[in-house]
Structure formats: C-alpha cells, structure tokens
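Enquirer: any chance you can model this:
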Amino acid sequence: MAVTLQIVGGAFLIGLAVAVGFTRSRARARHRVAGRSELLRTSAGTLEYAVVGEGPRVLVVHGAPGGFDQALDMVGPLAGSGFQLVAPSRFGYLRSQPQALTVTPEMQADAYIELFDHLAIDSAAVVAISAGAWSALEFASRHPSRCRALVLVVPADHLPPGVSVHGGRFTDWMLRSDFLAWLALRVMALSPASRLTEMMLGTPASVIREAHPAERSRVGEILEHLLPLSDRRAGMRDDIRVAADRREPAFDTIGCPVLTISAEDDRFGTANRARAIAGAVRDGRVVVYPTGGHALVGRLSSVLEEGRAFLAQHG
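Expert: Take a look at the predicted model:
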C-alpha cells in the first residue's frame with residue numbers, strides 16, 4: 001500500500017509540474033507579444049502590425065506558424081541598420097482576424113495596401129519569409145507601383161500533388177491542442193538536433209548539431225516562440241490550404257528587383273523555388289547556400305547582410 005501511495009503521489013507531482021510548466025509557458029508567450037502591436041480595421045478584417053526602427057520603410061511578412069513577432073525575430077536587426085520595419089501579422093495569426101472564412105494571398109496583399117495608406121507609405125521594399133512569400137508576390141504583382149524591391153527568404157513552395165500538409169499527421173496532431181504542441185516543442189527545445197526538430201523546421205539535424213551554440217540557442221527560441229499555437233492555428237490552416245493550391249502570381253507584372261535566398265538542404269524544397277522565382281521575374285537574383293536548412297542555421301548573419309545591401313541599393 002505504501003509503495004502504491006508513493007507511485008500515485010509521484011505521478012501527481014509530475015502531473016502538477018507539467019501543468020504548471022504549460023500554464024506558465026503559455027502566459028509567458030502571450031506576455032511576450034502583448035503591447036508591441038497596433039490594430040487597423042481594413043475592408044478584409046482586423047490587421048495587427050508593429051513598427052520598429054527609423055529610416056526607409058520595409059514591409060516584413062512572416063512565415064508559418066508566425067505573426068509579427070516571428071518577422072521581427074528573423075530580420076529585426078535591419079531596424080538597427082537604418083530601416084523602419086513594418087511587420088503585420090497575416091490574417092489568422094495572433095490578433096489579425098479576417099472577415100471572410102477563406103483567406104487568399106490576394107486578399108492579404110490588398111490589406112497591405114490599406115496598411116500602407118494608413119501609415120502614409122507611398123511605396124516600400126518588402127521582405128517576406130517562407131509562406132509570407134505568397135502574399136508578398138501577389139503584392140508586387142497586383143500593386144507594382146507600391147513595391148520598390150522584393151526579398152524572399154526561403155520562399156515557400158506549393159505542396160507536391162497528393163500531399164495536404166508538410167509533417168502529415170504530426171503537424172495535424174500539434175494543431176489540435178496547445179498542450180500537445182507545448183509538449184512536443186519542449187521535447188524539441190531540449191534536443192534541438194533531433195529528428196523531430198528536423199521535421200518541424202525543415203533543417204537537417206546534423207546542421208543543427210554542428211552549429212555554434214548561439215545558433216542552437218536560436219533554434220530553441222524559434223520553437224519556443226511558436227507558442228501558443230492556438231493563436232496561430234487559423235493562419236496555419238489557411239497556409240496549408242494555399243500550399244495545396246498551385247496557382248501562381250502573374251510573374252510578368254513584377255517589375256521591381258527581386259532577391260531570393262535559400263539553402264540547398266532546406267527540407268521544404270525552397271532552393272528550387274527560389275531559383276524558379278528569380279528566373280520568372282524580370283529582374284531576379286538568387287542566393288542559395290549549400291547548408292542551413294529552412295531555419296538558415298549558421299547563415300542568418302549573411303542573409304541579413306545580403307538583404308541589407310539589396311535594400312540599400314533598391315529600397
């Protein structure tokens with residue numbers, strides 16, 4: 001009986017510790033983004049955005065699963081290099097809520113125009129990350145006079161025919177529950193060079209394992225900042241749907257200079273996508289690193305310098 005009580009008591013304490021850890025982590029995640037953004041009512045719904053830095057304006061569009069915070073995590077250092085970053089949360093992410101049940105890249109691109117008008121931005125360069133490339137390309141195509149230059153970092157490709165979601169059942173499982181997502185991400189954060197992390201971040205485990213400790217810490221931060229997924233779930237589901245829809249923007253109407261950046265070993269196949277986009281537009285240039293994966297491990301400083309130089313020239 002005593003042994004049984006010890007087991008039950010131990011299980012209770014473990015469960016309590018897990019519950020407290022989850023609750024604190026979720027509160028910390030929401031506190032991290034609180035008070036850093038504004039809301040704009042657009043014709044398509046409520047658009048959240050943050051503005052940091054001073055200088056020529058640059059629209060920064062996040063990937064999936066993200067929000068304005070992910071965009072600033074990735075390219076925030078540009079704000080210290082003489083640029084003002086305008087970072088919206090795409091519809092379905094954090095506090096950006098669309099009116100329509102179905103969000104399209106075209107709808108999102110038109111919302112950027114309303115944000116530009118609200119902030120009195122005549123035209124600006126655009127930096128887009130991963131799934132943010134879809135609406136950024138539509139923005140450059142539909143509103144060429146408002147887009148001065150376009151930088152696409154690991155631009156998301158469409159899914160292969162017959163595939164509905166990168167990560168399959170694992171990703172679908174994580175989308176169902178903040179608690180389940182938290183458990184999985186905690187495991188990945190504790191072991192950033194695991195196969196689980198490789199699947200989630202599209203980056204070879206060997207690249208993460210051999211990276212500088214500061215880069216491994218950044219990978220852990222990327223994972224931590226995905227929480228809570230419930231605040232990003234609607235946007236992720238829209239991105240999955242768009243990924244399965246193989247419609248392309250009108251590349252021939254994109255007249256601004258375009259820089260695409262990727263890594264050859266990106267498990268999500270963005271290297272070929274980067275080459276294809278650069279070849280399809282009028283004025284395209286591509287940079288593909290041999291390693292780094294979708295998280296561009298060990299390459300971020302070089303990516304930022306490439307982007308800074310490109311924006312200084314064209315933005």
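
Enquirer: secondary structure class for the residue lying closest to N272 once chain neighbours are set aside?
Expert: In space, and not counting its chain neighbours, N272 is closest to D157: 7.1 Å by C-beta to C-beta, 6 or more residues apart in numbering. Heads up, the C-betas are built off the backbone N, CA and C, glycines and all. For D157, the assignment made with DSSP: H, G, I helix; E, B strand; the rest coil gives coil.

Enquirer: which residue ranges form the strands in the stretch 151-300 of the chain?
Expert: 258-263, 284-289 (DSSP state E, counting those that start in this stretch).

Enquirer: pLDDT on the last one, on average?
Expert: It refers to strand 284-289. For strand 284-289, mean pLDDT rounds to 98.

Enquirer: centroid-nearest residue for this protein?
Expert: When C-alpha atoms, centre = their mean is applied to the chain, the residue found nearest the centroid is G63 (2.2 Å).

Enquirer: residues near P213, how many?
Expert: Here the number of neighbours of P213 (other C-beta atoms under 10 Å) works out to 7.

Enquirer: separation between it and D110?
Expert: Distance of P213 to D110, computed by C-beta to C-beta, to the nearest Å: 43 Å.

Enquirer: ok, back up a step: the residue nearest to N272: what's it in contact with?
Expert: A243, F268, G269, T270, N272, R273 (C-beta atoms under 8 Å, 6 or more residues apart in numbering).

Enquirer: quick one: pLDDT of it?
Expert: Confidence for D157, expressed as pLDDT, is 93.

Enquirer: again, but for E221
Expert: 88.

Enquirer: go on, R28?
Expert: pLDDT, read off for R28, is 79.

Enquirer: which one of the strands of the stretch 151-300 of the chain is the most hemmed in?
Expert: Among the strands of the stretch 151-300 of the chain, strand 258-263 has the highest mean neighbour count (mean count of other C-beta atoms under 10 Å), at a mean of 28.
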